[in-house]
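Visitor: Turn this into a model:
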Amino acid sequence: MDRLTKKRTWEEAQNDLSNEMGYIHIWKRLNEIENILGDGYDLDRLRELVRADKEGRCRIIPD
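Guide: Below is the predicted model:
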């Protein structure tokens, strides 16, 4: 899944909103992500899992 926003701060993006996706796209993506994650999730834990995966410290075993 490709990211919808550019990797920059809100302050940077705010000055150039015409080049950012509209709110409907952002809402749809956030909704899709939260449907996958469920009602309660910990962003710090998810960040650590992604980091560990990139560094080869964990492996996801397919079904």
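
Visitor: Run through the helices of this structure in chain order.
Guide: Remark: helices assigned in the chain by DSSP state H are 10-14, 23-37, 43-54.

Visitor: Which one, of those, ends up nearest to residue 62?
Guide: helix 43-54 (13.7 Å; C-beta to C-beta). In short, each C-beta sits where N, CA and C put it, glycine included.

Visitor: could you give me the average pLDDT of the closest one?
Guide: Here helix 43-54 scores 92 as its mean pLDDT.

Visitor: what comes into contact with that helix?
Guide: Identification of contacts with helix 43-54 by C-beta atoms under 8 Å, 6 or more residues apart in numbering yields 37, 58-60.

Visitor: what residues are up against residue 27?
Guide: With C-beta under 8 Å, 6+ apart, residue 27 has no contacts at all.

Visitor: Kindly export the helix or strand bottoming out on mean pLDDT in the chain (C-alpha atoms) in PDB.
Guide: Using mean pLDDT, DSSP states H and E, helix 10-14 stands out as the lowest-scoring helix or strand of the chain, at a mean of 77. What follows is helix 10-14, C-alpha atoms only, in PDB (Å, rounded to 0.1, in the frame of the first residue of the first chain):
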ATOM      1  CA  TRP A  10       2.000  19.400   8.800                       C
ATOM      2  CA  GLU A  11       3.500  22.900   8.900                       C
ATOM      3  CA  GLU A  12       5.300  22.100   5.600                       C
ATOM      4  CA  ALA A  13       2.300  20.500   4.000                       C
ATOM      5  CA  GLN A  14      -0.100  23.300   5.100                       C
END
